[in-house]
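Asks: Kindly generate the corresponding structure for this input.
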Amino acid sequence: MEQNHNNQEAIWEKIKLLMNQNKLAVFSAAVIILITVMAIFAPLLAPYDPAKQDLINRLSGPSLEHILGTDDFGRDIFSRMIYGARVSLSIGLFPTLVSMAIGTVFGLMAGYFGKKVDFVIMRIADVALAFPSILLAMVVMYTVGAGLINIYIALVIVGWAGTARVVRSQTLSLKETEYVEAAKSIGVNSFKIMFRHILPNCIPSLIVLFTLNIPGSILSESSLSFLGIGAQPPSTSWGLMVSNGKQYLFTDPCIAIAPGAAILIIALAFNFLGDGLRDILDPYMKEQ
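Replies: A predicted model of the protein is given here:
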């Protein structure tokens, strides 16, 4: 109990340090929370049904009635952006969580067992990393078809290898420490050593990596949707909105610029937050 209390105090001290030293990271966290709350309470906050068409008022500019105007079907852009945040954030969060979980397990196994296990896992990771991530995701999407579930699958396949490399490198150094050697000497199971002794020491790096990987997933989904192989109607995502509005970029720019700006803001927010967390949690950064 005392150790858990000390760990909680250490975490709160790091949070206070982050708030005092990096105001940009704190502001970014506030932006992320705001967008997340808007996505969760979309039915309460959206002034219109995002799928409701009003062809009489199609392609109308920003006004008091429609803050960001309407699209080519007369749908309210602001309402669609609020609902689109649900899809974009879920695609940023869930595939990243799954891919990092898979990469963490493979990285622990490769670093701890070494030899043939390390060789096989790392060669598979090399193959995954050899292709540009968006190109590999496109290949997967063209193979399994468009749709949200398939986007999740594609991003998981693309994203696990980088996490595996990070966890492997840390496991290689951590498995030589005294407490791991002591656990081995008393016959502790290898998997218990990996998940009880090595993994907790990798968590700070994984937290930073998680915040930095989320914008990559969001941008990948936006790119796939822009190319027509991502989210499909009637789903609403920011990337799909940009794709639908690109043909009106010079006549009604708000249709594409508004969701494009939202993608930029959320990507920058996660990157700035990740940079702030890295400065606080990463011991190697402190030494520099």
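Asks: and the spatially most central residue of the chain, which of the three is it?
Replies: Centrality entry for the chain: nearest residue to the mean C-alpha point is I214, 1.5 Å, by CA atoms, centre = their mean. Following DSSP: H, G, I helix; E, B strand; the rest coil, I214 is assigned to helix.
Asks: Give the full set of residues in contact with it.
Replies: Neighbour list for I214: 92-93, 96, 270 [criterion: CB atoms under 8 Å, 6 or more residues apart in numbering]. C-beta here means a position set from N, CA and C on the backbone, and glycine is covered the same way.
Asks: Strands - which of the residues you listed land there?
Replies: Within the contacts of I214, no residue falls in strands by DSSP state E.
Asks: Would you reformat the residues you listed as TSV and include distance to N22?
Replies: Written out in TSV, the entries for the contacts of I214 read as follows (distance: CB to CB, whole Å):
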residue	distance to N22
G92	22
L93	23
T96	22
F270	14
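Asks: Switch those over to TSV; also include neighbour count.
Replies: Output for the contacts of I214, formatted as TSV (neighbours: other CB atoms under 10 Å):
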residue	neighbour count
G92	23
L93	15
T96	24
F270	24
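Asks: if we can go back for a sec, could you report the distance from the residue nearest to the centre of the chain to R168?
Replies: I214 sits 22 Å away from R168, going by CB to CB, to the nearest Å.
Asks: And for R80?
Replies: From R80 over to R168 the distance is 42 Å, taken as CB to CB.
Asks: which element follows the helix or strand harbouring L89 toward the C-terminus?
Replies: Secondary-structure assignment from DSSP states H and E places L89 in helix 77-113. Per DSSP H and E, the first helix or strand lying C-terminal to helix 77-113 is helix 115-130.
Asks: now that next one and helix 77-113, what's the angle there?
Replies: Between helix 115-130 and helix 77-113, the angle comes out at 150 degrees (axes from the mean of the first three to the mean of the last three CA atoms, to 10 degrees).
Asks: give me the number of residues near the closest residue to V87 other than its chain neighbours?
Replies: Sequence neighbours aside, S237 is the residue nearest to V87 in space, at 4.0 Å (criterion: CB to CB, 6 or more residues apart in numbering). A count of nearby residues for S237, using other CB atoms under 10 Å, gives 31.
Asks: Any stretches of the stretch 51-200 of the chain with poor pLDDT?
Replies: Counting by pLDDT under 70, the stretch 51-200 of the chain shows no low-confidence range.
Asks: for the helix or strand where S28 lies, packing partners?
Replies: Assigned by DSSP H and E, S28 belongs to helix 23-40. Helix 23-40 sits against helix 2-21, helix 77-113, helix 254-281, with contacts defined as 3 or more CB pairs under 8 Å, 6 or more residues apart in numbering; DSSP states H and E.
Asks: repeat that with 10 Å
Replies: Here helix 23-40 touches helix 2-21, helix 42-45, helix 77-113, helix 199-226, helix 254-281, going by 3 or more CB pairs under 10 Å, 6 or more residues apart in numbering; DSSP states H and E.
Asks: list the contacts for S169?
Replies: S169 sits next to 107, 110-111, 202, 205 when contact means CB atoms under 10 Å, 6 or more residues apart in numbering.
Asks: Outside of stretch 172-187 itself, list whatever touches it.
Replies: Here stretch 172-187 makes contact (CB under 10 Å, 6+ apart) with 107-108, 110-114, 118, 167, 171, 188-190, 192-194, 196-202.
Asks: what about it, start to end distance?
Replies: 20 Å (CA to CA, to the nearest Å).
Asks: What count of nearby residues applies to L209?
Replies: If we define neighbours as other CB under 10 Å, then L209 has 22 of them.
Asks: How about I32?
Replies: I32, neighbours per other CB under 10 Å, totals 19.
Asks: rewinding a little: quick check: the two most widely separated of the contacts of S169?
Replies: The span of the contacts of S169, defined through CB to CB, is set by A110 and S205 at 15.8 Å.
Asks: More neighbours: which of the two?
Replies: A110 (25 against 20).
Asks: so who does the more buried one touch?
Replies: For A110, the contact set (CB under 10 Å, 6+ apart) comprises 117-122, 124-125, 164-165, 167-169, 171-172.
Asks: re earlier: now that we have the contacts of stretch 172-187, which of them are buried?
Replies: Using 16 or more other CB atoms under 10 Å as the burial test, those include 107-108, 110-112, 118, 167, 171, 193-194, 197-199, 201-202 as buried.
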